[in-house]
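J.: predicted model, plus sequence, below.
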Amino acid sequence: MAERLVLFWVFCVLSIPARSVFDELFFNGFKGAASNMSLNGASGIQDNGILRLTNETQRVLGHAFYPLPIQFKNSTDGKALSFSTAFAFAIVPEYATLGGHGLAFAISPTKELLGTLPRQYLGLLNASDVGNFSNHIFAVEFDTVQDLEFGDINDNHVGIDINSLVSNKSVPAAYFDGNNSLQELNLKSGQVIQAWIEYYSQNNRLDVKLSPSSVKPRSTLLSFEVDLSPVLQEYMYVGFSSSTGLLSSSHFIMGWSLKMNGEAKTLNLDELPSLPRPKENRKSLIIGVSVSVLMIFVIVLSFHLIWKIKNADVVEAWELDVGPHRFSYKELKKATRSFRDKELLGFGGFGRVYKGTLPSSNAQVAVKRISHESKQGLREFVSEIASIGRLRHRNLVQLLGWCRQRGDLLLVYDFMPNGSLDKYLFDEPKTILSWDHRFKIIKDVASGLLYLHEEWEQTVIHRDIKAGNVLLDSELNGRLGDFGLAKLYEHGSNPSTTKVVGTLGYLAPELTRTGKPTTSSDVFAFGALLLEVVCGRRPIEPKALPEELILVDWVWDKWRLGAILEVVDPRFGGEFDELEAVVVLKLGLMCSNNSPKARPTMRQVSRYLEGEVALPESVEAQDAYDEKKGGVKLEDYVHSYTTSSIFEKVSTRSSVNDDMDADIEAGSSASPLSPPSRGKVR
């Protein structure tokens, strides 16, 4: 008899189904329900019965699933069954307005969700699983971070996710009140929110509703037509998933009900466990207050001393021997109103430029403030700058003086009321310079550069010639400015190797190998300037068509096709001198030759522009600079070079700018270039 009872008991145990056949769940709080939930990650049930999915920890995930699978499809026809669920949740962020991602109601083929990731993946998927039909994941997300990777509409939305985190449909979080008016709802407000998710198998419709109360709204917030039959398997696990990222949030579930082929019970929020009170970190508060008091005490005691040291105008003996005029720091600080942002004219890679008015003369000046990190080379640098200050030419921006304030060097220039040339050429300028103005500016810059190379007592290599460093005075005369990178050499001497600096698109190809700036490398940059003035385009235009990406290559191609005038700035409206335009374009190509020896000198350039001599009938084609002879490789062009321009306009920049790093590849052609037929004035 005893043996029969044992056999009967074993039979009963073995007869218990592995899958649950019931069709309803109801948790009015989770106190004592630990055995009825499968928890992993950061999830856990608190003493008062709240299910907590995540805590204040960064980059964690939490899962809470009912431990037994539930039948979600008809075993006969494979049709997904109708279901309804309601749950009360709250999201409490670490910081009031910044959420740490969100939570999701999920139906999954497994309850462990192994290999999933936190952050934007919400603990549901990982980077390689997103979009796979084999996932068989259905979820409704309540997301508090906008992830552009998944096309999120904002940082406070509800979305329907099928096998992916790119929502099939999403809407901003909101609810319909008793008057059926749509009201905003902040998911990360820390308040308890009830959600209803209902799937109607007969018409393949999914509805989502939200409310901050126990009353179920009459109107649906989010409705989506979808047949879940291909998504769901016959038996699935149901529960919740959430995650945190760089910022954290605590995700709570206060209660949950689910009903298959019927309507889930609505939860009474008043009967659910209460959210925990925010913790007061008294230790941090005490430390913070103590540190603040100490800091204030130190600042009050030392403020006067610091102010005196900061504004001290210390002059070393060697500075008295350097010309030109040495301004006092106090004078320049007063001229620029303590270097206020309102006086900021522009900025470059080495410093900022401020507009100022000298108190002694009421003269307007531009004050460039740069930081010189090398104390050892400061004296040499100041001496060189001072030497440049002795330059005198109508087409150069005059350096009026300088000042040294510890590690900072302040250079004082003439103020140019019309700013830099680039603002008249690029990004839909308000004023379009006529051809006559542009041609005059080109000749002005050529004259100034000739003076630097050949007509002063030393050879001055500018090293940063571009439209942003060409300044326009009140009469729109062109003046070459910003000598912050300039180098001086004795006439006929061999330039020494130095750090390669400048602006990509204007850098001669030999510089990255030899490191020796020469007058020929200045000519290369001047060639780029000629082309951008005529074409109204930067040397590198990332948004242009591939064949127009690099200006010099595009102009060469048009020259070979006999269509050179097609590159002229269309904003002229046809009103330009064709002959002069062809001369400038051809000269720009000559100056842009990759071989330094093939480029003209600035004296030759000036004579061509003034019409004193005619351009050669044929010009050597662009040569690929030979690497075996000390040339450069293409990858040398992708390095970043710091611009020294001090007159770049302070404004919101487009993604295309004149200091863009980009590859430059010279066009190659075996045939000589011949100028197209001369045109007439348009």
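T.: Cool, the structure landed. The shown structure was predicted, so the numbers you read here are calculated from the model rather than taken from an experiment.

J.: mind listing what's buried in stretch 81-101?
T.: 81-94, 99-101 (16 or more other CB atoms under 10 Å). Backbone N, C-alpha and C define where each C-beta goes, glycine included.

J.: start to end distance for it?
T.: One end of stretch 81-101 to the other measures 31 Å (CA to CA, to the nearest Å).

J.: next SSE after the helix or strand of the chain with the lowest mean pLDDT?
T.: When the helices and strands of the chain are scored by mean pLDDT, DSSP states H and E, helix 2-14 comes last with a mean of 42. Next along the chain after helix 2-14, taking DSSP states H and E as the criterion, comes strand 24-27.

J.: which elements pack onto that following strand?
T.: strand 249-260 (3 or more CB pairs under 8 Å, 6 or more residues apart in numbering; DSSP states H and E).

J.: how far does the strand it packs on sit from the chain's center?
T.: 39 Å (CA atoms, centre = their mean, to the nearest Å).

J.: name the strands paired with that strand and say parallel or antiparallel.
T.: strand 24-27 (antiparallel), strand 51-52 (antiparallel), strand 83-93 (antiparallel) (DSSP bridges).

J.: in a markdown table: the ones you listed, plus mean pLDDT and distance to residue 191.
T.: As requested, those are arranged in a markdown table below (pLDDT from 0 to 100; distance: least, CB to CB, whole Å):
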| stretch | mean pLDDT | distance to residue 191 |
| --- | --- | --- |
| strand 24-27 | 93 | 20 |
| strand 51-52 | 95 | 16 |
| strand 83-93 | 95 | 6 |
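
J.: of these, which is nearest residue 480?
T.: strand 83-93 (54.9 Å; CB to CB).

J.: I'd like the next helix or strand past the closest one.
T.: Taking DSSP H and E, what comes next after strand 83-93 is strand 103-108.

J.: between whichever helix or strand comes after that following strand and strand 103-108, how big is the angle?
T.: Where DSSP H and E defines the elements, the next helix or strand beyond strand 103-108 is strand 138-143. Taking axes from the mean of the first three to the mean of the last three CA atoms, to 10 degrees, one finds strand 138-143 and strand 103-108 inclined to each other by 170 degrees.

J.: contact partners of strand 138-143?
T.: Contact with strand 138-143 is made by 89, 91, 101-107, 122, 124, 152, 155-162, 165, 167, 170, 173, 187, 195, 197, 208, 228, 231-232, 241, as judged by CB atoms under 8 Å, 6 or more residues apart in numbering.

J.: can you add distance to residue 428 and give the strands paired with strand 249-260 back as TSV?
T.: What follows is those, written out as TSV (distance: least, CB to CB, whole Å):
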stretch	distance to residue 428
strand 24-27	61
strand 51-52	55
strand 83-93	42
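
J.: for the stretch 251-400 of the chain, what spans make up the strands?
T.: Ranges of strands in the stretch 251-400 of the chain, per DSSP state E, counting those that start in this stretch, are 325-326, 344-347, 351-357, 364-371, 399-405.

J.: turn those into CSV, including mean pLDDT, distance to residue 600 and mean neighbour count.
T.: Shown next, in CSV, are these (pLDDT from 0 to 100; distance: least, CB to CB, whole Å; neighbours: other CB atoms under 10 Å):
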stretch, mean pLDDT, distance to residue 600, mean neighbour count
strand 325-326, 70, 37, 14
strand 344-347, 80, 31, 19
strand 351-357, 87, 32, 21
strand 364-371, 84, 31, 21
strand 399-405, 80, 28, 21
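
J.: closest one to residue 254 among these?
T.: Closest among these, once you apply CB to CB, is strand 344-347, at 53.6 Å.

J.: surely residue 38 meets residue 113?
T.: No: judged on CB atoms under 8 Å, residue 38 makes no contact with residue 113 at a distance of 10.4 Å.

J.: who touches both of those two?
T.: residue 63.

J.: neighbour count winner among those two?
T.: Taking neighbours as other CB atoms under 10 Å, residue 38 and residue 113 compare with residue 113 leading, 22 against 18.

J.: and the helices in the protein, which stretches?
T.: Taking DSSP state H as the criterion, the chain carries its helices at 2-14, 282-310, 329-335, 378-388, 435-450, 511-514, 519-535, 551-560, 578-591, 602-609.

J.: what's the most buried one of those?
T.: helix 519-535 (a mean of 25; mean count of other CB atoms under 10 Å).

J.: hang on, the earlier thing: between the helices of the chain, which one is nearest to residue 258?
T.: helix 2-14 (27.5 Å).

J.: quick check: chain neighbours aside, which residue is closest to residue 610?
T.: Nearest non-adjacent residue to residue 610, counting by CB to CB, 6 or more residues apart in numbering: residue 443, 7.0 Å away.

J.: quick one: residues contacting that neighbour.
T.: Taking CB under 8 Å, 6+ apart, we find residue 443 in contact with 606, 609-610.

J.: can you redo those residues as TSV, where the extra columns are pLDDT and distance to residue 245?
T.: What follows is the contacts of residue 443, written out as TSV (pLDDT from 0 to 100; distance: CB to CB, whole Å):
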residue	pLDDT	distance to residue 245
606	95	61
609	95	60
610	93	65
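
J.: if we take the residues you listed, which one ends up nearest to residue 334?
T.: Nearest to residue 334 among the contacts of residue 443, with distances taken as CB to CB, is residue 606, at 41.5 Å.

J.: how far away is the closest one from residue 615?
T.: 13 Å (CB to CB, to the nearest Å).

J.: please apply the same query to residue 537.
T.: For residue 537, the distance to residue 615 (CB to CB) stands at 23 Å.

J.: the more surrounded of those two?
T.: Taking other CB under 10 Å, residue 537 and residue 615 do not tie; residue 537 has more neighbours (20 against 15).

J.: surely that one and residue 551 touch.
T.: Yes: applying CB under 8 Å as the test, residue 537 and residue 551 come out as touching, 5.6 Å apart.

J.: return every residue with contacts to both of the two.
T.: In contact with both residue 537 and residue 551: residue 531, using CB under 8 Å, 6+ apart.

J.: related to what we said a few turns ago, got a ChimeraX select line for the buried ones in the contacts of strand 138-143?
T.: Provided next is the ChimeraX selection string for whichever of the contacts of strand 138-143 are buried by 16+ other CB under 10 Å:
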select :89,91,101,102,103,104,105,106,107,122,124,152,155,156,157,158,159,160,161,162,165,167,170,173,187,195,197,208,228,231,232,241
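
J.: what pairs with residue 176 across the strands?
T.: Here residue 176, judged by DSSP bridges, has bridge partners residue 182.

J.: quick one: contacts for it?
T.: Residues near residue 176 by CB under 8 Å, 6+ apart: 182-183, 209, 211, 217-219, 221.

J.: mind running it again at 10 Å?
T.: By CB atoms under 10 Å, 6 or more residues apart in numbering, the residues touching residue 176 are 182-183, 209-211, 216-221.
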